[in-house]
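>>> no sequence on hand, only this structure:
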């Protein structure tokens, strides 16, 4: 097959996912064309794929797989009459106001226009069906491969200025979806009963100055670490992983935490509950009190924390890897192409 993979602007999980598919498709004997904006094409290594920046260059492919709503809209604008179109929904639309209205309209058009809609979580599949998708299925993105830690727990903690203090770690872009204001409220609440706990956020983004201003004003035990390339080392030094997002599909960061046995406290949003099952403490989004109670419980009950570590690793061992996800997609493509004749 000649497979077209279409992306909108990406610097994170979607681009990483597509980059992981390319070598597996090529090694299976298929030709791959990746269409992505110039910045995305430069940011990721798409291996032996032909990389283009304009959707018309995908004409002549046997199947096009668009990743995300915006990529799906681009595919619909330049769709060959008989070419199967697969669109994966990786994220929910949470933008308010006119922008959110336009994006949700785009969702509906993409749902109705795709031959197959794949959702990274069950709620996205249900949404696609409600918007008119002719065929919608769950297709989780592969669990990330965790790089080997290069620095010991003690060294990482020493570099952060820590000795025996519990470390609560969060990882992610400093953007509205992650709801870091609630994380700061959690830190304030936990400090009342556990004054030695330190919270750290690895990541950068547009909210950094606002978050730092509140941290300084309230003297919160929160450190903004900026962009880090040593996620495995940081996870090895953490006692708890905290996720406060408004919405996530299969958050890669929480997958990484469970893989290495870090107890997780998270918001019960999107695909998180089905991902973590009973291995994490969950609370409602925006519920600072509930999340703070979760952090306190993990810190106060070593047996519970150890059970969470074990259960998290057991769940992670069952997640599909990149090879399994690529094979599943190739089977899907072949079925669509055969149906189209």
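Done, it's in. Quick caveat, the model's predicted, so the values are computed rather than measured.

>>> alpha carbons only for contacts and neighbour counts from here, please
Will do.

>>> quick one: low-confidence ranges for the stretch 101-250 of the chain?
When residues are selected by pLDDT under 70, those of the stretch 101-250 of the chain lie in 140.

>>> all strands for it, in order.
Here the stretch 101-250 of the chain has its strands, by DSSP state E, counting those that start in this stretch, at 116-119, 136-138, 167-171, 198-202, 222-226, 240-243.

>>> looking at the ones you listed, spot the one closest to residue 266.
Residue 266 lies closest, by Cα to Cα, to one member of those: strand 240-243, at 4.5 Å.

>>> of the strands of the stretch 101-250 of the chain, which is nearest residue 305?
For residue 305, the closest of those is strand 240-243, at 8.8 Å, according to Cα to Cα.

>>> what's that closest one packed up against?
strand 167-171, helix 252-259, strand 264-267 (3 or more Cα pairs under 8 Å, 6 or more residues apart in numbering; DSSP states H and E).

>>> now mean neighbour count and distance to residue 332 too, for the ones you listed, in CSV please.
Shown next, in CSV, are the helices and strands packed on strand 240-243 (neighbours: other Cα atoms under 10 Å; distance: least, Cα to Cα, whole Å):
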stretch, mean neighbour count, distance to residue 332
strand 167-171, 25, 33
helix 252-259, 23, 24
strand 264-267, 27, 32
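
>>> what are the boundaries of the helices in the chain?
Using DSSP state H, the helices of the chain run over residues 13-27, 38-43, 69-77, 97-113, 122-130, 153-159, 180-193, 208-218, 231-237, 252-259, 272-276, 288-300, 302-318, 322-340.

>>> most packed of the ones you listed?
Counting by mean count of other Cα atoms under 10 Å, helix 252-259 has the highest mean neighbour count of the helices of the chain, with a mean of 23.

>>> contacts for that one, please.
Contacts to helix 252-259, defined as Cα atoms under 8 Å, 6 or more residues apart in numbering, come from residues 13, 143-144, 146, 171-172, 235, 241, 243, 263-264, 309, 312-313, 315-317.

>>> and it with strand 167-171, angle?
For helix 252-259 against strand 167-171, the angle by axes from the mean of the first three to the mean of the last three Cα atoms, to 10 degrees is 140 degrees.

>>> looking at the helices and strands packed on strand 240-243, which has the lowest confidence?
With a mean of 91, helix 252-259 has the lowest mean pLDDT of the helices and strands packed on strand 240-243.

>>> any idea how far stretch 102-113 is from the chain center?
Stretch 102-113 has its C-alpha centroid displaced from the chain centroid by 21 Å (Cα atoms, centre = their mean, to the nearest Å).

>>> likewise for stretch 6-26?
Centroid displacement of stretch 6-26 relative to its chain, using Cα atoms, centre = their mean, is 13 Å.

>>> check the average confidence over it, would you?
For stretch 6-26, the per-residue pLDDT averages 88.

>>> and what of stretch 290-309?
Stretch 290-309 carries an average pLDDT of 96.

>>> what does it rub up against?
Stretch 290-309 has contacts (Cα under 8 Å, 6+ apart) with 166, 186-187, 189-190, 194, 240, 258, 261-267, 279-284.

>>> could you rerun that using 7 Å?
Contacts to stretch 290-309, defined as Cα atoms under 7 Å, 6 or more residues apart in numbering, come from residues 186, 189, 190, 261, 262, 263, 265, 279, 280, 281, 283.

>>> do I have it right that the last one meets residue 272?
Going back to what we said before, that points to residue 283. No: counting by Cα atoms under 7 Å, residue 283 does not reach residue 272; the two are 10.9 Å apart.

>>> picking that back up, right, so of the helices of the chain, which gets closest to residue 88?
Residue 88 sits nearest to helix 69-77 of all the helices of the chain, at 8.0 Å, using Cα to Cα.

>>> let me know the angle separating that closest one from helix 97-113.
50 degrees.

>>> one step back: farthest-separated two in the contacts of stretch 290-309?
189 and 261 (25.1 Å).

>>> circling back: need the strands of the stretch 101-250 of the chain in TSV (columns: distance to residue 45).
Listed next are these as TSV, based on distance: least, Cα to Cα, whole Å:
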stretch	distance to residue 45
strand 116-119	24
strand 136-138	27
strand 167-171	23
strand 198-202	24
strand 222-226	24
strand 240-243	29
